[in-house]
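In: Need a 3D model of the sequence below.
(one chain, ligands or ions: 1)
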Amino acid sequence: MEELQLLIDLHKGAHRQGPGGDEATKKALDLATIDHDTPLKIADIGCGTGASTLILARLLNARITAVDFLQEFLDVLKRRAEIEGVSRKIVPLCCSMESLPFEDEEFDVIWSEGAIYNIGFKKGVTDWNRYLKPAGLLVVSEISWITKTRPAEIQEYWESEYPEIDLASSKMRILEENGYSPIGYFVLPEHCWLDNYYRPLQDSFKAFLERNGKSQAARAIIEAESRERELYEKYKSYYSYGFYMAKKLGE
Ligand code: SAH
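Out: Numbers count the residues shown, from 1 in each chain. Reported below is the predicted structural model:
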């Protein structure tokens, strides 16, 4: 099985595909001052199996276009939405975040948790700006340094994994320079990484290896995931996901 198929197989059974939490999603909704009753059109980009999509659907009077380029994840999202009785609020869309078929000023809110790094923060916030109505809201989580300096080992690891990792002040500047006014920011707490993401993932390793015949490729994926987690445990005071809320300028 090729690497992407293995990654899908490892992650699709999980509640979420990156660090996050229901409380964090709710806090972001509050900080962005999103009204729960007003009818809204929302795009959740890089939605995975729907950790955030389902909360937004449950809490808001919204129609949510849930975008991911992996149909397998969207199939899980669809099933979960049916079970929770919110499927009429969600339109799954299998496409790349780099070529979205949206119209200009179509959305009140663009939401994206743990996914914008796939296109790069700067490109994502710039490209997606036109899909927001004037004064529309962008809510994204993005891996960020939370201290001005950090040990070389973690600096080098993340700069090679994701060269755009930076301080919140730099991310705010990118927002300000690309058509937004930042309105809120907070750092994802530790349990969003360990309890909500790494631990459930680790609990699934044994079955994953067995399903995949303990192949070399499957073991390599487990090793890479384990290394990422070990580094997180060692250096968690230096980085996290930052949640950024910003309003599109205009009007
Ligand atoms: N928001 C979810 C998933 C985060 S993981 C959560 O918080 O649990 C990142 C997601 O982005 C994955 O589901 C992955 O399939 C999706 N993704 C990666 N590259 C993409 C691209 N180019 N276009 C659309 N989705 C992409």
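
In: does the residue located most distally from the centre of the chain sit in a helix, a strand or a coil?
Out: Among the C-alpha atoms of the chain, the one most distant from their mean position (CA atoms, centre = their mean) is that of Gly213, at 30.4 Å. With DSSP: H, G, I helix; E, B strand; the rest coil as the basis, Gly213 sits in coil.

In: burial count for the residue of the stretch 151-251 of the chain found nearest the ligand?
Out: Nearest residue of the stretch 151-251 of the chain to the ligand: Tyr197, at 8.2 Å (CB to the nearest ligand atom). Where C-beta positions appear, they are placed from N, C-alpha and C, glycine not excepted. Neighbourhood size, Tyr197 [other CB atoms under 10 Å]: 24.

In: Now do the same contact list for Asp127.
Out: Each residue near Asp127 by CB atoms under 8 Å, 6 or more residues apart in numbering is listed here: Glu98, Ile119.

In: How about the host helix or strand of it and the ligand, touching?
Out: Element membership for Asp127 (DSSP states H and E) is helix 121-128. No - using CB under 6 Å from any ligand atom, helix 121-128 stays clear of the ligand, with a minimum separation of 9.9 Å.

In: Next SSE downstream of that helix?
Out: Immediately after helix 121-128, counting by DSSP H and E, sits strand 132-145.

In: List the pairing partners of that next one within its sheet, with orientation.
Out: strand 107-112 (parallel), strand 166-167 (parallel), strand 239-248 (antiparallel) (DSSP bridges).

In: picking that back up, how near is the residue farthest from the centre of the chain to Phe186?
Out: 43 Å (CB to CB, to the nearest Å).

In: Likewise for Ala207?
Out: Taking CB to CB, one finds Ala207 at 34 Å from Phe186.

In: Kindly report the same for Leu40.
Out: 22 Å.

In: And Ser112, by the same measure?
Out: Taken as CB to CB, the span from Ser112 to Phe186 is 16 Å.

In: near the ligand at all, the longest helix along the chain?
Out: Ranked by residue count, the top helix of the chain under DSSP state H comes out as helix 216-235. No - Helix 216-235 lies out of reach of the ligand by CB under 6 Å from any ligand atom, never closer than 13.0 Å.
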